[in-house]
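In: could you work out the structure for the sequence below:
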Amino acid sequence: MHIEQAQHLSQTQPEYPLASLAVGDARQLNRADNSVDAVLLLGPLYHLTERTDRIIALREAHRILKTGGFVLAAAVSRFASTLDGLFGGHLDDPEFVEIVKQDLIDGQHRNPNNHPRYFTKTFFHHPEELRAEVEEAGLHSEKILAIEGPGWLLQNFQEHWNDVGRRDRLLEAIRWLETEPSILGMSAHIMAVARK
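Out: Modelled structure (predicted):
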């Protein structure tokens with residue numbers, strides 16, 4: 001599905017088309033060494049629940065990157081479920097409470113009854129854990145960014161987003177806070193920006 005979405009979006013911007021699209025395993029990329037300028041890991045680091053697999057994926061990104069190339073690696077924050085539960089009322093459900101407790105202990109998010117609102121089997125990172133994994137893979141960590149920042153916690157988010165002026169102020173506030181270490185984990189998603 002994401003490949004199809006990317007293909008469609010590429011067609012809507014003919015001045016910047018995607019050169020290629022491929023489905024594969026982030027732990028074994030079908031690309032030559034030192035062959036790409038950038039690698040986007042927008043899913044593997046949370047769907048690969050074992051640390052060793054995440055390091056392998058990051059090392060693969062390192063392998064195929066040209067010197068000076070960038071990796072943008074997204075992760076789900078260790079605290080995303082807790083905050084979502086607080087603001088969404090899910091902490092009233094004992095099943096969700098148990099899921100959140102495990103998230104906070106070791107980042108291993110499990111949804112044993114496949115509740116549609118409680119996500120799937122994934123790994124949730126602490127911001128410093130993401131930085132450590134990136135560096136263990138041989139990449140230079142430039143920064144860790146909060147993708148949504150605290151903006152996702154607005155109860156009337158859609159109202160803010162639909163009003164152009166409010167959206168601009170929201171995005172500006174998110175930018176002010178996107179690298180502040182003390183609140184990185186408030187964002188549902190975080191991103192490592194790293195260089196080879």
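In: and the closest residue to Leu58 other than its chain neighbours, how many neighbours?
Out: Leaving aside its sequence neighbours, Leu58 sits nearest to Ala137 (CB to CB, 6 or more residues apart in numbering; 3.4 Å). For the C-beta atoms, the positions are set from N, CA and C on the backbone; glycine is no exception. Ala137 has 21 neighbours, counted by other CB atoms under 10 Å.
In: just the strands in this protein please.
Out: 36-41, 65-77, 108-109, 122-125, 140-146, 189-195 (DSSP state E).
In: quick one: the residue nearest to Leu58 and Arg59 touch, right?
Out: Yes. Between Ala137 and Arg59 there is a contact at 4.7 Å, judged by CB atoms under 8 Å.
In: correct me, but Asp33 touches His62?
Out: No. Counting by CB under 8 Å, His62 is not a contact partner of Asp33; they are 9.8 Å apart.
In: give me the common contacts of these two.
Out: Here Asp33 and His62 share no contacting residue, scored by CB atoms under 8 Å, 6 or more residues apart in numbering.
In: show me where this structure has its helices.
Out: 2-11, 44-47, 51-64, 80-88, 94-106, 127-136, 157-162, 164-177 (DSSP state H).
In: out of those helices, flag the one nearest Gly149.
Out: Shortest distance between Gly149 and those, using CB to CB, is found for helix 164-177: 3.8 Å.
In: list the contacts of Ala173.
Out: Contacts of Ala173 by CB under 8 Å, 6+ apart are Gly149, Gly151.
In: need the contact list for the residue nearest to Phe70 when sequence neighbours are not counted.
Out: Nearest non-adjacent residue to Phe70, counting by CB to CB, 6+ apart: Ala38, 4.9 Å away. For Ala38, the contact set (CB under 8 Å, 6+ apart) comprises Leu65, Gly69, Phe70, Val71, Leu72.
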